[in-house]
Structure formats: structure tokens, C-alpha cells
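Asks: sequence-free structure coming up:
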Ligand code: NAD
């Protein structure tokens, strides 16, 4: 069993404590690695390495920083299959899905390579006579990134390419459930020419997270994970005077109007509900069917579900296992709850036939109809392959339902009525909207983030928001003295002089 160590100052860093966590192969249901869990000394070492690397990296020319990002992009593109294999082995998602995750991360790297344009300040000549005013964007210093298990490569890539481009140095605390991708990326950044200490990986649990939240040398926190932890991160980091963006959980609704093309809608519901075993923050977990479409739509969804092949992501399957046995059991318990709460379990994924080892953390695609909106099956983020259907009488009832959710990450409307779609994008209180697109993850030059309990803070991930987040602005007022500026004047400076 390999021991996954921290990556600090450009190399593997031993752990000072005996604490470790298991890393499973979810498709086999066995532990394959052990990951170290940081204590105080490692937190200190990681932050100190990033702090020491900051002045030189900040002052590295934009051309050189840009070259490192281009080199990283080339290396990652050439070796993405290696990374995909790591993702499938520790997370369980099928290889094609792992490749998709890397492709979306690469988009952010590519966006970040254009950073010189986005870091430009502004200049005003003669704001007052002989006085120029201009603004600069400068990096924050050491930035902390804390990521979830479900996108071990893409979510860190939402942040670090832009943080590094802007001249910051990074401490990444990846999920302890699938930590190897972070070390692989760190080694690749080094190969791309990033100086040692500019990107560090600190493995661990709450101790490591709290260490970053409380460390005075960590200037910002970018967090992605479940809502209760996101709220805690936001409150703690803000109290400590840090800049913080904390992306939380989700419960994404897909509103289906009676005029929708039900075949395309059923395809989309299955793809968005069961891709990555439903372990996506942008997964569709509730289909809101405006009657009379529900019966027909459910029949079409069920037909498609019967063709899904569940199994080891290294084989040619559609859907892999869940991340741990514990999580699989928790997700499965919602199927019992659905029955207790009076819903109809149309397809039960327990006991699904799989193309994989018997001990894998399996749960097949599950469809539950007539879910009461008071049931925890509807209100909780289940984060697994359980798709609920809620039937409503009208468009208005559907939008009211979506807007009463405490989450506001993503949502989609399926319709052929352009007017209804336009009204939906205006009225719905959600941060990312799909119109006949079930997983509306914005491209890298827009920014990613939800509303309400899906994002604490006012700044989204990647895109233009990220350059705002990872830099501080300075405004400079400058005058090069000449004799006309002489004389005493105690009045407040005015531009009309
Ligand atoms: P999680 O909240 O359990 O863990 C996220 C990170 O927080 C991990 O690095 C973990 O080590 C750390 N952590 C866990 N418990 C902690 C504690 N008590 N104190 C401090 N830190 C702690 O989330 P997860 O299970 O890894 O990921 C799934 C969740 O992430 C889902 O809720 C999903 O919706 C959400 N997510 C959201 C987005 C988004 O963009 N909004 C994207 C991906 C995932």
C-alpha cells in the first residue's frame, strides 16, 4: 500500500504525525493507499514554503509566468490519460468521464494563459493638471484552496491556474478521499517550470483546513464542498480577515414543460442524473414535470435507464461506483425513506448487476416518482444516482418550487417555447441556467457559481471573477513636480485645479 505524502517546496514532504486516512479503489471496494493527515508542523511548513516563494514569483515577469502556464497546458494535454487513470482508480468515475473532467480543467488553464490582458490596470492622464491616476492589480500572497472529492482535478484547476497567473503562491488541501491527483498535478507544474514552493499540496482533514483558515499568512480561501462546511469556512475565514469564496452543495431541478421534446428531455435527464453516479454538484437530482407530461417522460427515462451499464470505470461502462461504502449506504437509505414517505420507487438501483468486483461500492441508477416536497428525499442533497420526479400543475408552480429551494446552483428548463425559456431565465433564483442544456457549467471565460446556499461570498470561480478574487487593486495618483506646483494650500485636493 503506498503512502501519499504532502508536496511542499517542490518535493514530497514527510508527515510529522502518525495520522493517516484510507484511500479506496471504489470499484473493487478495497483500500489501495494511505494518505497522510497533516498536523501543525506540516501546515506551517506548507504555508512557509508558499510564503517564501511568493516574492520571487510575484516579481517574475508576466512573459515568464505565462510560459509556465503554456508549458503546463502542453504537458497536461500530452499526459492526460495518466491523470484520468488516477481519477478513475480513486474516485471511481468511468474513464471517459474522467477525461471530460480534465478537459474542463484544461479550459481554465487555457483561459489563464491569456492573463496578461486581464491583469491590466487603467490609466487616466491629466486627471488634474499634470496629475495622472492609474490602477494596478497585484497578487494577494499565499492563497488556500480546499477541494471536494468529486472533481479531484477539475475543481483545483478552477482556481490555481488563475491564482498562479496573477502572481500568488498556493497551498492546495485536496479531498482526503482521492488525494493522488493533486500530487500528480504538483509534479507536472514543477516540470513545467514552476518554482519550488509556488504550489504546495497539504493533505489532511479538518485539522489541515482549520490550520489554513486560522493562519495569518494565508490571505484567501477558495473552498468547494458541502453546504454546512462551506458556511463554516466562509464564516471562519471572514472572521479572520481573509478574502473567501465558498461554493456549497446543490439540489438542481430540471423543469419540463408540456411542449418539450420528450425524447431529448429523457436523454438529458438520464445523462445529467446518473453521469458520475450523480456525484456532481451540477447533476440534475429533481425532474419537475409540468402535467400532463410526467407519465410519458417517466416511461422514456425508465426505458433509457434499462440500457445503462454499471461497473468498473476501467471497463466500458456508463456509470461507476460511489466514492465509499459508507456513502453508498447513505445514498441507498434514501430509497427506503422514499418508500416510507409514500413516493413510488420506479427503478430501484439496489442489487444492480455490475461489470465489476462484487465488493465495489455499487448502487444502480434509481428513479423515484411522486416525491413529496416535504420528504428528505426532496429536501436533502443526496449526491448519488437517485433521480426524483415531482409533478406540478403549471410553469408557475414549477418556478415557485425551484425558487423555494435553499440551494441555487444550477437549473434547466426543457421546452420549445422561447418566450417561456426567456421568462424562466429572468425569474428563476439560481446562478447557472440551462435552456435545453441539463448541465450548464459555464465555459472558462464566464464564471462558475450558484446563488443562496450554493455559494457563500460574492465572487464566483474562474473566468473574470477569478482575476478579481486573486488580485488586489491599487490606485496611484502621480505628479512629476514642476515649479507651477509650488505654494501652500491646505484645502482638500480637487481635480478641477
Ligand atoms: P465536503 O464538504 O465533505 O469536503 C470538502 C472539503 O472540506 C474536503 O477537502 C474535506 O477534507 C474538507 N472537510 C470535510 N469536513 C470538514 C470539516 N468538518 N471541517 C473542515 N473541513 C472539512 O464535500 P465532499 O463530500 O468532498 O464533496 C461533495 C460536496 O461538494 C457536495 O455537497 C457537492 O455539491 C459539493 N460540490 C459543490 C460544487 C460547487 O461548485 N458548488 C462543486 C463540487 C462539489
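Replies: Cool, got the structure. On a predicted model such as this, the values are computed, not experimentally measured, just so you know. Residues are numbered from 1 along each chain as shown.
Asks: C-alpha only now, for contacts and for neighbours.
Replies: OK.
Asks: show me what contacts the one residue in the stretch 1-150 of the chain that gets nearest to the ligand?
Replies: Going by C-alpha to the nearest ligand atom, the ligand is nearest to residue 148 of the stretch 1-150 of the chain, at 3.4 Å. Contacts for residue 148 (C-alpha atoms under 8 Å, 6 or more residues apart in numbering) come out as 155, 174-175, 224-225.
Asks: can you list the residues of the chain near the ligand?
Replies: Residues of the chain lying near the ligand by C-alpha under 6 Å from any ligand atom: 146-150, 173-176, 205-206, 209, 224-226, 229, 247-250, 281, 449, 454.
Asks: just the buried ones among these, please.
Replies: Neighbour-count burial (16 or more other C-alpha atoms under 10 Å) applied to the residues of the chain next to the ligand gives 146-150, 173-176, 205, 209, 224-226, 229, 247-250, 281, 449, 454.
Asks: in helices only, show me those.
Replies: Applying DSSP state H to these, the entries found in helices are 209, 229.
Asks: just the buried ones among the residues of the chain next to the ligand: which are in strands?
Replies: 146, 173, 224, 247 (DSSP state E).
Asks: farthest-separated two in those?
Replies: Greatest spacing in those, by C-alpha to C-alpha: 173 and 247 (15.0 Å).
Asks: for the ones in strands among the buried ones among the residues of the chain next to the ligand, which one is nearest residue 316?
Replies: Top of the list for closeness to residue 316, among these and by C-alpha to C-alpha, is residue 224 at 29.9 Å.
Asks: not counting sequence-adjacent ones, nearest residue to that closest one?
Replies: Among residues not flanking residue 224 along the chain, residue 247 sits closest, at 4.6 Å (C-alpha to C-alpha, 6 or more residues apart in numbering).
Asks: what's the spacing between the one you found and residue 472?
Replies: Residue 247 sits 21 Å away from residue 472, going by C-alpha to C-alpha, to the nearest Å.
Asks: please apply the same query to residue 90.
Replies: 37 Å.
Asks: which of these two has more neighbours?
Replies: Per other C-alpha atoms under 10 Å, whichever of residue 90 and residue 472 has more neighbours is residue 90, with 25 against 12.
Asks: what helix or strand is that one on?
Replies: Under the criterion of DSSP states H and E, residue 90 resides in helix 80-91.
Asks: number of nearby residues for residue 460?
Replies: With other C-alpha under 10 Å as criterion, residue 460 counts 24.
Asks: so what's the gap between stretch 460-475 and the chain middle?
Replies: Chain-centre distance of stretch 460-475: 17 Å, with C-alpha atoms, centre = their mean, to the nearest Å.
Asks: what's the first-to-last distance across it?
Replies: Note: stretch 460-475 ends 24 Å apart using C-alpha to C-alpha.
Asks: give the buried residues for stretch 404-422.
Replies: By 16+ other C-alpha under 10 Å, the buried positions in stretch 404-422 come out as 405, 407-415, 421.
Asks: closest to the ligand out of these?
Replies: Using C-alpha to the nearest ligand atom, those come closest to the ligand at residue 409, 6.3 Å.
Asks: check contacts around residue 21.
Replies: When the contact criterion is C-alpha under 8 Å, 6+ apart, the partners of residue 21 are 34-37, 176.
Asks: after the host helix or strand of it, next one along is what?
Replies: Per DSSP H and E: residue 21 is located in strand 20-25. Next along the chain after strand 20-25, taking DSSP H and E as the criterion, comes strand 30-36.
Asks: what helices or strands is that following strand leaning on?
Replies: Helices and strands touching strand 30-36, by 3 or more C-alpha pairs under 8 Å, 6 or more residues apart in numbering; DSSP states H and E, are strand 2-4, strand 20-25.
Asks: buried ones in it?
Replies: Buried-residue list, strand 30-36, by 16+ other C-alpha under 10 Å: 30, 32-36.
Asks: so which two of these are the farthest from each other?
Replies: Longest distance between any two of the buried residues of strand 30-36 is 17.9 Å, between 30 and 36; criterion C-alpha to C-alpha.
Asks: which stretch of helix or strand covers the spatially most central residue of the chain?
Replies: Compute the mean C-alpha point of the chain, and by C-alpha atoms, centre = their mean the closest residue is residue 155, 4.2 Å away. Secondary structure from DSSP H and E places residue 155 in helix 154-165.
Asks: got the contact list for that helix?
Replies: So helix 154-165 is contacted by 65-66, 69, 101-102, 104-106, 108-109, 112-113, 115, 143, 145-148, 169-170, 172, 174, 198, 222, 224, 461-462, 466-467, 470 (C-alpha under 8 Å, 6+ apart).
Asks: one step back: any idea how far the helix holding residue 90 is from the chain center?
Replies: Computed by C-alpha atoms, centre = their mean, the chain-centroid distance of helix 80-91 equals 18 Å.
Asks: quick one: it to strand 20-25, angle?
Replies: Here helix 80-91 points in a direction 110 degrees away from that of strand 20-25 (axes from the mean of the first three to the mean of the last three C-alpha atoms, to 10 degrees).
Asks: what residues does helix 80-91 touch?
Replies: The contact list for helix 80-91 (C-alpha under 8 Å, 6+ apart) reads 23-27, 93-95, 98-99, 102, 149-150, 152-153, 177-178, 180-181, 184, 313-314, 322-323.
Asks: give the contact list for residue 246.
Replies: Taking C-alpha under 8 Å, 6+ apart, we find residue 246 in contact with 221-225, 230-231, 233-234, 455-457.
Asks: count of neighbours near the closest residue in space to it that isn't next to it in sequence?
Replies: In space, and not counting its chain neighbours, residue 246 is closest to residue 223: 4.5 Å by C-alpha to C-alpha, 6+ apart. If you count neighbours by other C-alpha under 10 Å, residue 223 ends up with 28.
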